[in-house]
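Novice: quick check, what structure comes out for this input:
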Amino acid sequence: MRVAVLGAGAIGAYVGAGLHRAGVEVSLIARGAHLQAIRASGLKVLSPRGDFEVHPHATDNPEEVGPVDHVFLGLKANQYAAAGPMVQPLLHETTTLITAQNGIPYWYFHGLPGPFEGRRIESVDPNGTVSEALPVERAVGCVVYAATEIEAPGVIRHL
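Specialist: Take a look at the predicted model:
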């Protein structure tokens, strides 16, 4: 199984590190000093459950990763509409998009029978820009319950 974490900040890097530690082939898509630290020294997770360090592939270029089985979106919800160009190189015919966002997701009414069938929530999918960038038929909902922070570049603190 191949997983790309798009938005490998506090939550994305924590999830990616856990998957990598479990043996999943993970690519972290990050930026800035955090990316440079992961490339140079790996990713350290400091946690009450036990500290660990992993060395997953890390890049700022999704084209370098190519198609994967699952894309975990660690982006802020307001970044979803512009994420299309970053997501496209990661997709093949059956790639899922695991959307870790707080609140009502952009795909909320997709496939739901009843009076709201086919309805789009304008506040989370303005003019359909998010569902255009991130196809709703690929979306898998996700609730993130972990509290994490980037303590330093390449270091995630699980609280």
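Novice: right, and the helix or strand after the helix or strand that contains I98?
Specialist: For I98, the element it lies in under DSSP states H and E is strand 96-100. The element immediately downstream of strand 96-100 (helix or strand, assigned by DSSP H and E) is helix 129-133.
Novice: quick one: contacts for H70?
Specialist: Going by Cβ atoms under 8 Å, 6 or more residues apart in numbering, H70 touches 1-4, 95-98, 140. The way it works is simple: take the backbone N, C-alpha and C, and place the C-beta from them, glycine included.
Novice: and the contacts of stretch 57-64?
Specialist: If you take Cβ under 8 Å, 6+ apart as the criterion, stretch 57-64 is touched by 4, 6, 8, 26-31, 35, 38-39, 43, 65, 86-90.
Novice: list the buried residues in that stretch.
Specialist: Across stretch 57-64, burial judged by 16 or more other Cβ atoms under 10 Å covers 57-59, 62.
Novice: what's the span of that stretch from first residue to last?
Specialist: Taking Cα to Cα, to the nearest Å, stretch 57-64 runs 10 Å from one end to the other.
Novice: that stretch - what's its average pLDDT?
Specialist: Averaging pLDDT along stretch 57-64 yields 98.
Novice: how far does that stretch sit from its chain's centre?
Specialist: The gap between where stretch 57-64 is centred and where its chain is centred comes out at 13 Å by Cα atoms, centre = their mean, to the nearest Å.
Novice: can you check stretch 43-60 too?
Specialist: Distance of stretch 43-60 from the chain centroid (Cα atoms, centre = their mean) equals 16 Å.
Novice: next one: stretch 106-123
Specialist: Taking the mean of its C-alpha atoms, stretch 106-123 sits 23 Å from the chain's own mean (Cα atoms, centre = their mean).
Novice: start to end distance for it?
Specialist: Counting by Cα to Cα, you get 9 Å between the two ends of stretch 106-123.
Novice: what residues does that stretch touch?
Specialist: With Cβ under 8 Å, 6+ apart as the criterion, stretch 106-123 contacts 77, 80, 99, 104, 124-125, 128, 130-131, 134, 136-137, 139, 141.
Novice: and the buried ones among those residues, selectable in PyMOL?
Specialist: To isolate the buried members of these in PyMOL, using 16+ other Cβ under 10 Å:
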select buried, resi 77+80+99+124+125+130+131+134+136+139
